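K.L.:
Sequence plus predicted model, see below.
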Amino acid sequence: MDLTLTPLSVPTDRTRGQLVNTWVPSVGLTLALDMTESLDLCYASGSVDDTCIAFLRERLQRHSYFVDAGANQGLYSCLALHESSRIGVIALEPDPYSQEKLRRNLELNSLDSTRFTLLDVALGESVGTADLMLNTAGNRAGSSLVVDQRAFTGLEDNVTVQVTTAPLTSVVESLGHAAWILKMDIEGMEYPVLKAYLRDAARDTWPRAVIVEAFGRSIHAVGGSPVQLLVEHGYNLVDHDESNFCLELSP
């Protein structure tokens, strides 16, 4: 299927902060960050993701591709392009606001765009469209296909934008048997997306390493834990922090 990047319009009910070029010591890059956003503030202070960044760094040179599902402002994508001269990066980010930041961060660091593909696609169980619920309360990284955002935004109705959905199989089918790493932070959709992928894809095409976010509150909402699912399919837990888990596929 054709998964080309197309412009999207997005509703807004608050004034976003200006993007500020900020040195992020954890990745050794300058990133354009919005200091009204909680995740951007955490990256600016170097207070999150040390475990996952170290896990990715140790494996970049042994893999041909990095798939960044839920790329947000592109910290992981930029890190991969910056620290490996050969790896190809596929970033999936359906939110136009985050796409804008990601593009700016690529340009800001003069990263090799020939090894980078940005898809305005939300991972789902099938090809289609869905409403992406936007967290407009200072945590745009929390926008989700399944999490009701009204508890966070305080609004009577969710703010949404319609996005294209695609299964992981269709996104990575061109990778064939190449060794690749998956980072998946898609706010509750990790379990259903991985369940469909592990069912439909041949084991010798699975990612060799996975970084996945998992929150207990999402397990009941979507039917299971992505970490337990991966372990049941032969992945070994290597490391974790409060909400992110790093796994490797057994030989």
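P.N.:
Nice, thanks for sending it over.
K.L.:
ranges for the helices of the stretch 51-200 of the chain?
P.N.:
For the stretch 51-200 of the chain, applying DSSP state H, counting those that start in this stretch gives helices covering 75-83, 96-108, 150-153, 168-172, 190-200.
K.L.:
Would you tell me which one of these is buried the most?
P.N.:
Ranked by mean neighbour count under mean count of other C-beta atoms under 10 Å, the helices of the stretch 51-200 of the chain are led by helix 75-83, which reaches a mean of 23. For glycine as for every other residue, the C-beta is placed from the backbone atoms N, C-alpha and C.
K.L.:
who are the neighbours of the helix or strand that residue 248 is a member of, in terms of helices and strands?
P.N.:
Assigned by DSSP states H and E, residue 248 belongs to strand 244-249. In terms of contacts (3 or more C-beta pairs under 8 Å, 6 or more residues apart in numbering; DSSP states H and E), strand 244-249 is packed against helix 50-59, strand 209-213, helix 226-232, strand 235-240.
K.L.:
What strands flank the last one, and is each parallel or antiparallel?
P.N.:
Based on DSSP bridges, the strands next to strand 235-240 in the sheet, each with its direction, are strand 244-249 (antiparallel).
K.L.:
Let's see the partner strand as CSV, backbone CA atoms only.
P.N.:
Extracted C-alpha coordinates of strand 244-249, given in CSV (Å, rounded to 0.1, in the frame of the first residue of the first chain):
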residue,chain,number,x,y,z
ASN,A,244,9.3,1.2,29.0
PHE,A,245,10.6,-2.3,28.5
CYS,A,246,13.6,-3.4,26.4
LEU,A,247,13.4,-6.9,24.9
GLU,A,248,15.5,-9.1,22.6
LEU,A,249,14.3,-12.0,20.4
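K.L.:
how far out from the middle of the chain is it?
P.N.:
Its chain's average C-alpha position is 14 Å from that of strand 244-249, according to C-alpha atoms, centre = their mean, to the nearest Å.
K.L.:
Now tell me what touches that strand from outside.
P.N.:
Strand 244-249 is touched from outside by 49, 51-52, 55, 185, 206-214, 226-227, 230-231, 234-240, with contacts defined as C-beta atoms under 8 Å, 6 or more residues apart in numbering.
K.L.:
dump the residue contacts of residue 223.
P.N.:
Neighbour list for residue 223: 191-192, 195 [criterion: C-beta under 8 Å, 6+ apart].
K.L.:
ok so, going back, next, format the helices of the stretch 51-200 of the chain as a markdown table and append mean pLDDT.
P.N.:
As requested, the helices of the stretch 51-200 of the chain are exported to a markdown table (pLDDT from 0 to 100):
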| stretch | mean pLDDT |
| --- | --- |
| helix 75-83 | 98 |
| helix 96-108 | 95 |
| helix 150-153 | 92 |
| helix 168-172 | 97 |
| helix 190-200 | 97 |
